[in-house]
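Trainee: could you work out the structure for the sequence below:
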Amino acid sequence: MGYRWHRASRMGAGLAAVLSTPAMADTTTTFQVSATVVSGCEINGALASNGEVLGRYGQLDFGTHSSLSTDTASAAIAADAGLTLSCTPGIALSMALGAGQHGSATRNMQAAGSSDLLPYRLYRDPAFSNEMQIDQAYAITFADPEAIALPIYGRVVLSGDKPPDTYSDTVVLTLSW
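Mentor: Below you'll find the model as predicted:
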C-alpha cells in the first residue's frame, strides 16, 4: 500500500506544479513614428546641400561682333539642356550673382589672349530696367514650381576699340530658400 501512496503523491505533486505555474500574459508597449517634411528646392531632381556646387546653369551669349562695332548687344541666359530647378510651392526663393572672375565694382569679360576687359551688365528683366547688383539677393517668382526659370538678361556696350578676341567670364549664381 505504501507503494500506491507514493505513486499518488508524485501524481499530486506534478499536478500541483502544473496548476501553480502562472499563465503566460501578453504585454504591450508603444513607440513613436515620425517624419519631418520641409520645404526646399531640387536641382536635377537632387536636393542640394548647403554650399554645394552644382555645375553650370547655362550660358549668356552676346554673339559675334566686329571689333569696330559700337553697338549694344543684349542676350538672355539659355539654361543648359537637362538642368531643371523645382521648388516646394510657396517657397521664398532668391538668387544672387557674383562679380565674376574678372569683376570688382563692375562685371567684366576678359580676352582669352590678353588682359583686355569688356564690361557688361546683368539684369533681371527683358526690358533691362532692373540691373542686378553684385552679390545682392533678388526674389524669384514662379508660376510652375516644377519648371523654374531664372530671369537673367545681359547687355554689353561695345566700344569700337577692343582687339579681336573671344571675351568671357564665369559668374557664380547663388540660390537661397
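Trainee: show me the helices in the protein, by range?
Mentor: Taking DSSP state H, the helices of the chain run over residues 2-20.
Trainee: worst-scoring helix or strand of the chain, pLDDT-wise?
Mentor: The least trusted helix or strand in the chain, going by mean pLDDT, DSSP states H and E, turns out to be helix 2-20, with a mean of 56.
Trainee: quick one: the residue lying closest to G113 once chain neighbours are set aside from F31, how far?
Mentor: Excluding its sequence neighbours, the residue lying closest to G113 (C-beta to C-beta, 6 or more residues apart in numbering) is D165, at 5.2 Å. For glycine as for every other residue, the C-beta is placed from the backbone atoms N, C-alpha and C. D165 sits 68 Å away from F31, going by C-beta to C-beta, to the nearest Å.
Trainee: again, but for S86
Mentor: In terms of C-beta to C-beta, S86 sits 35 Å off from F31.
Trainee: so these two - more neighbours on which side?
Mentor: Per other C-beta atoms under 10 Å, whichever of S86 and F31 has more neighbours is S86, with 17 against 4.
Trainee: and the more buried one, what are its bridge partners?
Mentor: E42 (DSSP bridges).
Trainee: contacting residues for it?
Mentor: Going by C-beta atoms under 8 Å, 6 or more residues apart in numbering, S86 touches 41-42, 45, 145-148.
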